[in-house]
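Colleague: I'd like to go over a predicted model; first the sequence, then the structure.
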Amino acid sequence: MDQVQIQCPNCKSVLLVKNTDGSNERVVNCPTCHTPLMVSFGNMAANAGSQPYNQTPYPSGPMPAGTGPMPQGGPNQQPISNEPKKNNTWVIALLAALVLALAGVLIWLLVFKDKDANSTTDSEPAKVEMSSSGSASTQASVVPEASVAPEASASSVAISDDDIPEIPEVSVSTSYSLPYLGNSSNGIGEKLYNKLGISSFVNVHGGMTGSDFDAIRSKDSSTAGNQLKVENSDGYRYQFFFMGSNKRNGRLTGVAVSHACSNPSSECLDFENYVAGSGDFTWVKDGLYRSRTGYYVSPGYSKGRFYVYYYLPNAPVKDPAPRN
């Protein structure tokens, strides 16, 4: 199937999604409300029970007028008669009358059928067309700064996302602001879990670029051109990673959030229990979980701080947070 029509269950927008790369399934963000939607291009009846999103095939348009089968005989074929021909004048007159009648019927069909077709087209709901293209082949590796988020083990490898295609990112003009979670050093894991969704975390989401972070750029203490490091007044430290420059069109690939606490290993365990028990995330390997929309999260701790690594689908490497 080359394209399917779906309806966003959140904002009810109707989308027409094209299958430009031959995939059986794609996950797209609704351009209106950013809700991730799973789209299947395979057998609709077979997938109807397993897909969490509403999908209906694109309706075919009305058939053009005049394409139906011609009646047997046709307007120019003369009737066969066994009687001897006496005078062909009346036959010619009859055929001329038939031709004129058929021409009138054909003109009527063309005029009124086209009118009906235009009325049907005008009454159809507006559709948003999206392209299912990815950019994984141009991705480059980004490694967190050791001063903010400890480096992962050298033996770590990139996670394969063959089973979950990259979500086409729709850039939405926005101004990022840091969340305020409170100065208390207790319950850090629960507070950060409350900021976690299947497609967002601490106000970040897919499709953001460096220009969306201009409001906090003055607080940046990072020396790397592809990162932003900001410490909020409530003690939470944020390190944002970009594919390319952290300014203008550099795409966000993830964020690391940390906070000093008296028992970071306990906060890590609390956060992981929340994630594992939510039903929205699947275990990938020790300390790393993936949401059903392709976003990754990993809790960890090091040097008296509790960490949460959050990766967008376009992140080239998705390593678990350290635990030491």
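Modeller: Nice, thanks for sending it over. Numbers count the residues shown, from 1 in each chain.

Colleague: residues in a beta bridge with residue 7, which ones?
Modeller: residue 14 (DSSP bridges).

Colleague: how many neighbours does residue 311 have?
Modeller: Residue 311 is flanked by 24 other residues according to other Cβ atoms under 10 Å. Backbone N, C-alpha and C define where each C-beta goes, glycine included.

Colleague: typo on my end, residue 286
Modeller: 8.

Colleague: who touches it in this structure?
Modeller: The neighbours of residue 286, taking Cβ atoms under 8 Å, 6 or more residues apart in numbering as the test, are residue 320.

Colleague: same check on residue 214?
Modeller: Contacts of residue 214 were listed using Cβ under 8 Å, 6+ apart, and they are residue 175.

Colleague: avg pLDDT for stretch 317-324?
Modeller: Stretch 317-324 shows a mean pLDDT of 95 in the predicted model.

Colleague: with stretch 185-205 instead?
Modeller: Across stretch 185-205, the average pLDDT comes to 93.

Colleague: quickly note the distance from residue 225 to residue 189.
Modeller: For residue 225, the distance to residue 189 under the criterion Cβ to Cβ, to the nearest Å works out to 32 Å.

Colleague: lowest-pLDDT helix or strand in this structure?
Modeller: Taking all helices and strands of the chain together, the one with the lowest average confidence (mean pLDDT, DSSP states H and E) is strand 128-131, at a mean of 36.

Colleague: can you map out the strands along the stretch 201-324 of the chain?
Modeller: Counting by DSSP state E, counting those that start in this stretch, the stretch 201-324 of the chain has strands at residues 204-205, 227-231, 237-243, 251-260, 281-285, 288-291, 296-302, 305-311.

Colleague: who are the packing partners of the fourth one?
Modeller: What that stands for is strand 251-260. strand 237-243, strand 305-311 (3 or more Cβ pairs under 8 Å, 6 or more residues apart in numbering; DSSP states H and E).

Colleague: before we move on, what about the fifth one?
Modeller: Contact here means 3+ Cβ pairs under 8 Å, 6+ apart; on that basis strand 281-285 packs against strand 288-291.

Colleague: in terms of secondary structure, what does the strand it packs on contact?
Modeller: strand 281-285, strand 296-302.

Colleague: minimum distance to residue 24: which of those has it?
Modeller: strand 281-285 (19.1 Å; Cβ to Cβ).

Colleague: send me the closest one as PDB with only the CA atoms.
Modeller: What follows is the C-alpha trace of strand 281-285 in PDB, where atoms were taken according to Å, rounded to 0.1, in the frame of the first residue of the first chain:
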ATOM      1  CA  PHE A 281       8.600   1.300  28.100                       C
ATOM      2  CA  THR A 282      10.300  -1.900  27.000                       C
ATOM      3  CA  TRP A 283      13.500  -3.300  28.500                       C
ATOM      4  CA  VAL A 284      16.400  -3.200  26.000                       C
ATOM      5  CA  LYS A 285      19.300  -4.100  28.200                       C
END
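
Colleague: what angle sits between that strand and strand 296-302?
Modeller: Strand 281-285 runs at 60 degrees relative to strand 296-302, counting by axes from the mean of the first three to the mean of the last three Cα atoms, to 10 degrees.

Colleague: paired strands for strand 281-285, with orientation please.
Modeller: Paired strands of strand 281-285, with direction, are strand 288-291 (antiparallel) (DSSP bridges).

Colleague: now what about the strand it pairs with, what contacts it?
Modeller: 159, 164, 198-199, 275-276, 280-284, 296-298, 318-320.

Colleague: and if we set it to 10 Å?
Modeller: 36, 156, 159, 161, 163-164, 196-201, 272, 275-276, 278, 280-284, 295-300, 309, 311, 313, 318-321 (Cβ atoms under 10 Å, 6 or more residues apart in numbering).

Colleague: and the closest residue to residue 284 other than its chain neighbours, how far from residue 281?
Modeller: For residue 284, the nearest residue in space outside its immediate sequence neighbours is residue 290; the separation is 5.2 Å by Cβ to Cβ, 6 or more residues apart in numbering. Residue 290 sits at a distance of 6 Å from residue 281 (criterion: Cβ to Cβ).

Colleague: tabulate the helices and strands packed on strand 251-260 (CSV), appending distance to residue 257 and mean pLDDT.
Modeller: Supplementary listing: these in CSV, determined by distance: least, Cβ to Cβ, whole Å; pLDDT from 0 to 100:
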stretch, distance to residue 257, mean pLDDT
strand 237-243, 6, 95
strand 305-311, 5, 97
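
Colleague: need the ones you listed in a markdown table (columns: distance to residue 5).
Modeller: Converted to a markdown table, those look like this (distance: least, Cβ to Cβ, whole Å):
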| stretch | distance to residue 5 |
| --- | --- |
| strand 237-243 | 32 |
| strand 305-311 | 31 |
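
Colleague: thank you, goodbye.
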